[in-house]
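Sequence unavailable; structure follows:
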């Protein structure tokens, strides 16, 4: 059983083994998409294949649409060259349900895969051709939050961006510059409307995309590279929109146990690919059953009927409420707490952490007692139902191979939204007292303890990648377990940094509390566990 076998006569063994196959004429869909594309997606990672592409697959299977999606990748070319093109962009979606059942579905909705880089001139030229076609309705993105940033961790503009501001649109090295260049091509060719829709897991993602793209547009106008009319086109929301969205689906890297299960079926395309840029991918993708995608319904050129597959289209205010519910309270902060303390307590899976009495109690109390008071019900998803599903169904799912080490990546970039927004909400409220917060500060103290790179047994562990890790861990470099330290002297440079926590923790009234918790966490081997027990009693 190989994906490329599906181009020929399909063996009955696929159905016998429980594999759902595309039920539409894929070659016809390919042809129609090539002639009149409607959707291109940037970011060829696992979540795209497991969620948006799978949603489109459902619509195609029901005969309710006749176009596929074109995927483009600018950061890691090997995803395209090793995980897409050798398989004609087919992939296998494996859904691991909490009840132990497994759903296996061959996804064929991706009909073309391109490298969004001048290093592959044919692919890049094809992208310009796609954007020049009036039929294109949206370009969507899952490129991670840092993919939109044109600044480094210190707030300085990236050299590749500064160079791009003075270069012709076709010569851009940063994806935001390339997207601006593609839009310029569209403006020149037809000036048709388009939606640029971020589907990344970050707050107000549409604004982040807009800021990155428009920085190039404005610089090019200022430097006399393009006409002012192009900037006016990009700023006209009836022509170019940047809708907000909220996405939620746990999609960990391809798992060895899933690989073994598929091979037992006779499925052969199970190669686990680790690219030179340290991306983990494969012809298959494994994910959890639950998924939410809520998008601001602002598509000036129309959109594919993804609502028929359960994607929720609504207004910006509702998206904002859903996003804050998830990112600031009901999921992302719980993930970060489990990531930090999971590493300190040497856990290797999230579901294993949820069997740890202290850690499961920690995230439950933080969610229901400290987070829920600041949540505004968005109406289309009930916050308590969402939280209950996270805590009782999703995180404890023993079949989901997610790890605290993966979630600990880029923690410094996540803390401002996942915890800073809650702190700000307490400070702004007449009914809530920020000084009553205990578990949120304990997460922040735990992160400072994590920066030491030593677990609760006193053993060194490998910290996950983070753009500010080297910068901040130097402050705790001389701290050792079991020694008394001046926590204020050690932590003040970190805790007052509003770029990390969204607030100055001292001005917020929590700095000293975090310092005290940090001292308890470094008291010696076993101090992390003892501190958790103390504050959860």
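Sure, I can see it. Keep in mind the model is a prediction, meaning the values are calculated, not measured.

Tell me where the longest helix sits in the chain.
Using DSSP state H to define each element, the chain has its longest helix at helix 205-222.

how about it: buried residues?
205-206, 208-210, 212-221 (16 or more other CB atoms under 10 Å). No exception for glycine: its C-beta is placed from N, CA and C like everyone else's.

Other residues contacting it?
141, 145, 148-150, 161, 164-166, 169, 172, 174, 176-177, 179-181, 183-184, 196-200, 202, 226-228, 230-231, 234-235, 242-245, 296 (CB atoms under 8 Å, 6 or more residues apart in numbering).

Just the buried ones among those, please.
Buried among the contacts of helix 205-222 (16+ other CB under 10 Å): 141, 145, 148-150, 161, 164-165, 169, 172, 174, 176-177, 179-181, 183-184, 196-200, 202, 226, 230-231, 234, 242-245, 296.

Show only the entries of the residues you listed found in helices.
Short answer: those in helices (DSSP H) are 161, 164, 176-177, 179-181, 183-184, 230-231, 234.

Count residues in the vicinity of residue 386, would you?
22 (other CB atoms under 10 Å).

Quick check: closest non-adjacent residue to it.
Leaving out its chain neighbours, the residue that sits closest to residue 386 by CB to CB, 6 or more residues apart in numbering is residue 330, at 5.1 Å.

where's the one you found relative to residue 394, distance?
11 Å (CB to CB, to the nearest Å).

out of the two, which sits in the more crowded spot?
residue 330 (27 against 24).

Correct me if wrong: residue 84 contacts residue 70.
No: counting by CB atoms under 8 Å, residue 84 does not reach residue 70; the two are 10.9 Å apart.

what do those two both touch?
Joint contacts of residue 84 and residue 70 (CB under 8 Å, 6+ apart) are 110, 113.

what about the strands in the stretch 201-350 of the chain?
240-241, 245-248, 273-274, 280-281, 284-288, 292-296, 312-314 (DSSP state E, counting those that start in this stretch).

Give me the packing partners of the last one, helices and strands only.
Taking 3 or more CB pairs under 8 Å, 6 or more residues apart in numbering; DSSP states H and E as contact, the helices and strands that strand 312-314 lies on are strand 292-296.

For the strand it packs on, buried residues please.
292-296.

In space, what's closest to the residue nearest the centre of the chain - neighbours in sequence excluded?
The centroid of the chain falls nearest to residue 201 when counting by CA atoms, centre = their mean (4.0 Å). Closest residue in space to residue 201, ignoring its immediate chain neighbours: residue 247 at 5.7 Å, by CB to CB, 6+ apart.

How about the contacts made by residue 320?
204, 244.

sorry, back to before: redo the strands of the stretch 201-350 of the chain as JSON lines? Include mean pLDDT.
Listed next are the strands of the stretch 201-350 of the chain as JSON lines, based on pLDDT from 0 to 100:
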{"stretch": "strand 240-241", "mean pLDDT": "98"}
{"stretch": "strand 245-248", "mean pLDDT": "93"}
{"stretch": "strand 273-274", "mean pLDDT": "92"}
{"stretch": "strand 280-281", "mean pLDDT": "92"}
{"stretch": "strand 284-288", "mean pLDDT": "93"}
{"stretch": "strand 292-296", "mean pLDDT": "96"}
{"stretch": "strand 312-314", "mean pLDDT": "96"}
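
which stretches of the stretch 51-200 of the chain form strands?
Using DSSP E, counting those that start in this stretch, strands in the stretch 51-200 of the chain cover 69-73, 91-96, 102-107, 110-115, 138-141, 194-198.

hmm, back to that, ok, the residue nearest to the centre of the chain touching residue 145?
Yes: contact status for residue 201 versus residue 145: in contact at 7.5 Å, counting by CB under 8 Å.

now what about stretch 344-364, what contacts it?
334-335, 337-338, 341-342, 391, 395-398, 400-405, 407, 439, 442, 446, 449-450, 455-457, 459, 461, 528-529, 532-533, 536.

Could you tell me how far stretch 110-128 lies from the centre of the chain?
Here stretch 110-128 is found 23 Å from its chain centre; the criterion is CA atoms, centre = their mean, to the nearest Å.

Quick check: buried residues in that stretch?
Judged by neighbour count using 16+ other CB under 10 Å, the buried positions of stretch 110-128 are 110-117, 120, 123-124, 126-128.

Let's see the pLDDT reported for residue 155.
We have a pLDDT of 84 for residue 155.

Do I have it right that it meets residue 498?
No: under the criterion of CB under 8 Å, residue 155 makes no contact with residue 498, lying 11.5 Å away.

Which of the buried residues of stretch 110-128 sits closest to residue 189?
residue 128 (8.8 Å; CB to CB).

What separation do you get for the closest one and residue 405?
Taking CB to CB, one finds residue 128 at 40 Å from residue 405.

swap in residue 263?
Distance from residue 263 to residue 405, by CB to CB: 25 Å.

swap in residue 442?
Counting by CB to CB - residue 442 and residue 405 are separated by 20 Å.

Ok, residue 525 next?
21 Å.

How about residue 441?
Taken as CB to CB, the span from residue 441 to residue 405 is 24 Å.

Between those two, which has more neighbouring residues?
Ranked by neighbour count (other CB under 10 Å), residue 441 and residue 405 place residue 441 first, with 26 against 17.

residue contacts, the more buried one?
510, 513-514, 517.

Show the model's pLDDT score for it.
97.

cool, the one 10 residues further on as well?
Here, the pLDDT recorded for residue 451 equals 97.

do the same with residue 41
So, for residue 41, pLDDT stands at 98.

Pretty sure it sits against residue 143.
No: using CB under 8 Å, residue 41 is not in contact with residue 143, being 9.9 Å away.

returning to what we had before: compare residue 155 and residue 498 and say which is more crowded by neighbours.
Set residue 155 next to residue 498 and count neighbours by other CB under 10 Å: residue 498 wins out with 13 against 7.

so how many other residues sit close to the residue lying closest to the more buried one once chain neighbours are set aside?
Distances taken as CB to CB, 6+ apart place residue 504 nearest to residue 498, at 5.5 Å, with adjacent residues excluded. Per other CB under 10 Å, the neighbour tally for residue 504 reads 13.

which residues touch residue 504?
Contacts of residue 504 (CB under 8 Å, 6+ apart): 495-498, 511.

where's residue 355 relative to residue 361, distance?
12 Å.

who's more crowded, these two?
residue 361 (15 against 12).

Buried residues, the helix or strand hosting the more buried one. List them.
Assigned by DSSP states H and E, residue 361 belongs to helix 357-365. The neighbour-count check on helix 357-365 (16+ other CB under 10 Å) flags 358-360, 362-364 as buried.

Including distance to residue 312, could the buried residues of strand 292-296 go into a markdown table?
Output for the buried residues of strand 292-296, formatted as a markdown table (distance: CB to CB, whole Å):
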| residue | distance to residue 312 |
| --- | --- |
| 292 | 7 |
| 293 | 7 |
| 294 | 4 |
| 295 | 7 |
| 296 | 10 |
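
Report pLDDT for residue 201.
84.

Return the residues in contact with it.
Applying CB under 8 Å, 6+ apart, the residues near residue 201 are 145, 247-248, 327, 332.

ok, which pair from these is furthest apart?
Within the contacts of residue 201, 145 and 248 form the most distant pair, 14.9 Å apart (CB to CB).

Run through the residues that contact residue 195.
By CB under 8 Å, 6+ apart, the neighbours of residue 195 are 137-139, 240-243, 298-301, 303.

With respect to residue 89, which of the buried residues of helix 205-222 is nearest?
Once CB to CB is applied, the member of the buried residues of helix 205-222 that ends up nearest residue 89 is residue 209, at 24.2 Å.

So which of the contacts of residue 504 wins on neighbours?
residue 495 (26 neighbours).

Please read off the pLDDT at the residue nearest to residue 508 when sequence neighbours are not counted from the model.
Distances taken as CB to CB, 6+ apart place residue 423 nearest to residue 508, at 5.6 Å, with adjacent residues excluded. You'll see residue 423 listed with a pLDDT of 96.

What distance do you get for residue 423 to residue 459?
32 Å.

Next: residue 212.
41 Å.

And residue 149, by the same measure?
From residue 149 to residue 459 the distance is 34 Å (CB to CB).
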